[in-house]
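J.: predicted model follows, preceded by the sequence.
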Amino acid sequence: MTPTGVLVLTDRTQREGPLGTCRSTAVDAGARSVVVREKDLPTRERRRLAREVRALLAPVDGTVIVAGTGGVRVHLTAADAFPEPRPELVGRSCHSADEPENARREGCDYAEISPLHPTESKPGYGPALGFEALATLTLVGPPTYALGGVRPDDAAACLAAGAAGIAVMGAVMREPRLVAAYLESLAQVAR
């Protein structure tokens, strides 16, 4: 099992309104795979948020993933230890050339590769990898999702570079209806 199409990461610090409204708007716009990222919150609070997202996604059979360890579906930072026992779904953030291969070797189900472009969410974070590096990294890792400054019109280039999909955080946290534009771009590539 891997996330589908567009993987949405939550970050309440980038929201002007309530995170709950943002999540429901993103799901209404087509989001089906959501990572409850909120890494600054205690695990108990992240799990509570995950239950809320799971309830939103239940009618559409979506996937909820929780940042950190200790859950059924988890998303790990590049530095997190691989959890034992192995969860049902494990994703990992990758930022350097050796990390995607390590993620594949340890048995991750997917990896986010970032930053693709400079990003508003993490200014100065990088260097930005670009499509050429993304293409190289998708060859050695598990199914990958391009993250970091990815725009809807980048969908074709991300898929051409071998990505399984795209991951978005800041753009969708600021405008959750944008999920529909990302999905439409992916659908156009599939046609």
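T.: Thanks, I have it. Bear in mind the structure is a predicted one, so any value in this text is a computation, not a measurement.
J.: what does the pLDDT read for Thr4?
T.: Listed pLDDT for Thr4 reads 67.
J.: for Pro152, see how far away Gln188 is.
T.: 10 Å (CB to CB, to the nearest Å). All C-beta atoms are positioned from the backbone trio N, CA, C, and that covers glycine.
J.: what does the helix or strand harbouring Phe131 rub up against?
T.: When elements are defined using DSSP states H and E, Phe131 is found to belong to helix 130-138. Where contact means CB atoms under 8 Å, 6 or more residues apart in numbering, the residues beyond helix 130-138 that reach it are 94, 97, 100, 113, 116-117, 129, 144, 146, 157-158, 160-163.
J.: in strands only, show me the residues you listed.
T.: Among these, the members falling in strands are 94, 113, 144, 146 (criterion: DSSP state E).
J.: quick check: the third one touching Ile166?
T.: No - taking CB atoms under 8 Å as the contact criterion, Thr144 and Ile166 are not neighbours in contact, 9.9 Å apart.
J.: and the helix or strand bottoming out on mean pLDDT in the chain, how far out from the chain's middle?
T.: Scoring the helices and strands of the chain by mean pLDDT, DSSP states H and E places helix 19-28 at the bottom, with a mean of 85. Centre-to-centre, helix 19-28 and its host chain are 16 Å apart (CA atoms, centre = their mean, to the nearest Å).
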